[in-house]
Structure formats: C-alpha cells, structure tokens
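Chemist: quick one, fold the following:
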Amino acid sequence: MDLKNRITGLTTVPAKSLAPHPDNIRLHPGRQVEQVRQLIEQIGWAQAILVYPHGDGWRILDGHLRANLDPEADVPVLTTDLNEAEADLLLATLDATRDTARFSKDKLQRIVERIGRSIQSNPILEDIQEHIKQHAPPTASEDGGLHSKTDAERDLELKTGEHYDFLVIQSANRREYRALCEAVGLSVPTYRPNTPVMRAIHGKELLNLLC
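Modeler: Numbers count the residues shown, from 1 in each chain. Predicted coordinates:
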C-alpha cells in the first residue's frame, strides 16, 4: 500500500504554546489526571502529544490531559500536516477506534506480575489488579476470539418482529455501578479505562426485584 506519511516531525515545545482543540471529546476526571501525572513523574515522557497546524502555531489532536499537567513544562510533540477537515475526522475516530480493542486478561496479569512491587505505589496498577481479581474475564480470549454468550445474553436477543425499549440508569462512578449490578444480579464487566460499559436486564425481572 502506498500511504501518505502525515507526520512531519518530532520536537519539543512549551505546553502553554499548544492550543487545545475546542471540540476535544475527552473528559478527564480528577483521579485519571493524578494517575497520568504520577505515571509521567515515574517514567518520564514516553508518548508525544499529537498536533496539527493551526494559525501561527499548533493545535492538539491527542494528548490534552498530558499537555495540561504543567503549562510551563516543555513537552514532546508529534507534528502533522493535517488540515482542519482531516483533523476533525481523526479527532472523532481516534479514541473511538482505539476503545473497540479487547484485551487478554491472562497477558495483562502476566505484565502486572512482572511489574511486581510497583503496584504498591501506582494507583493505575492498583485499579487494574483489583479488576483482574474481582471482575469477569474480558471478551477477548488468548486466541483473540469472542467470549461465549451467557444464557442471560442469549435470552435478551431479539426475535423476529421484536424491538427494544430502553430505560437507562447512569452511575456516577465504578463503585456505584458495581453496587447497581450486584443489586439486580448482574455480573460486573471487566474494567477498561475510558470505555463505556453496559449490562441489560429484562423489565419484568427488574420489576420483580423492585416490587
């Protein structure tokens, strides 16, 4: 395949010189900010901020959180020659396509075990370790295949002529989400950072629990 290389360089600039994208779709809770801050303080910069030309400078495509950690710091940036339309396409799809990836619980466990004692001082690894221990296996097996459907999932599949009516309950955090799932007898899904998760229950079963 003859593909264009849109990367024009790798350089270092003051974080405060980078313009945030006004339509950045990512929202970063305080805990995530602290986790990323601690990780960078422990390892250093190992991932560049992705930018494209805007006005007389650069606008961020990926890496808003990292750029905002310390506006006075010099940060590595990966520059591109994307135009506004191309930047919008990448902004809308970069995280979305990345979040569709599944992961192997076994391989993640091996990595965490190799890291060893670092878990004690790293909140990100503490979260991962907690979910490895407490939650159901992820949807990807070692060979990359999809998980087998549970009886509950098969029971919820639509039959000919049927449709779904939805009642959505939004939880404020993982602890609340876990409590809601346990209250109605649903398994708690494996944690994947910044990835929405969903569990379903028949309306009649929920009514039986509430009434």
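Chemist: okay, and Leu65 sits in which element?
Modeler: Using DSSP states H and E, Leu65 sits in helix 64-68.
Chemist: may I see the buried residues of the helix or strand following that helix?
Modeler: As assigned by DSSP H and E, the chain's next helix or strand after helix 64-68 is strand 74-80. Buried positions in strand 74-80, judged by neighbour count with 16 or more other CB atoms under 10 Å: Val75, Val77, Leu78, Thr79, Thr80. From N, CA and C alone the C-beta is placed, and that goes for glycine too.
Chemist: cool, and stretch 85-99?
Modeler: Here stretch 85-99 shows Ala87, Leu90, Leu91 as buried, counting by 16+ other CB under 10 Å.
Chemist: and the second one, which of the three is it?
Modeler: What DSSP: H, G, I helix; E, B strand; the rest coil gives for Leu90 is helix.
Chemist: for it, which non-adjacent residue is closest in space?
Modeler: Distances taken as CB to CB, 6 or more residues apart in numbering put Leu61 closest to Leu90, at 5.9 Å, once the chain neighbours are dropped.
Chemist: per-residue confidence at the one you found?
Modeler: Note for Leu61: predicted pLDDT of 95.
Chemist: what about it, how many neighbours?
Modeler: 21 (other CB atoms under 10 Å).
Chemist: what's the helix or strand encompassing it in contact with?
Modeler: Assessed by DSSP H and E, Leu61 sits inside strand 57-62. Contact with strand 57-62 is made by 13, 17-21, 24, 49-53, 67, 77, 79-80, 82, 87, 90-91, 94-95, as judged by CB atoms under 8 Å, 6 or more residues apart in numbering.
Chemist: just the ones in helices from the residues you listed, please.
Modeler: Ala67, Ala87, Leu90, Leu91, Leu94, Asp95 (DSSP state H).
Chemist: pretty sure the third one contacts Glu84?
Modeler: No: with contact defined as CB atoms under 8 Å, Leu90 does not reach Glu84; the gap is 10.9 Å.
Chemist: name the helix or strand of the protein that has the lowest mean pLDDT.
Modeler: helix 151-155 (a mean of 54; mean pLDDT, DSSP states H and E).
Chemist: show me what secondary structure element comes after that helix.
Modeler: helix 174-183.
Chemist: for that next one, buried residues please.
Modeler: Tyr177, Arg178, Cys181.
Chemist: roughly how far apart are the second one and Asn68?
Modeler: Note on Arg178: its distance to Asn68, by CB to CB, to the nearest Å, is 30 Å.
Chemist: go on, the last one?
Modeler: Distance, Cys181 to Asn68, by CB to CB: 33 Å.
Chemist: now for the closest residue to Ala19 other than its chain neighbours, how many residues are close by?
Modeler: Closest residue in space to Ala19, ignoring its immediate chain neighbours: Arg59 at 4.4 Å, by CB to CB, 6+ apart. Neighbours of Arg59 under the rule other CB under 10 Å: 19.
Chemist: neighbouring contacts of stretch 16-23?
Modeler: Contacts for stretch 16-23 (CB under 8 Å, 6+ apart): 49, 51, 54-55, 57-61, 64, 67-68, 71-72, 75, 77, 87-88, 91.
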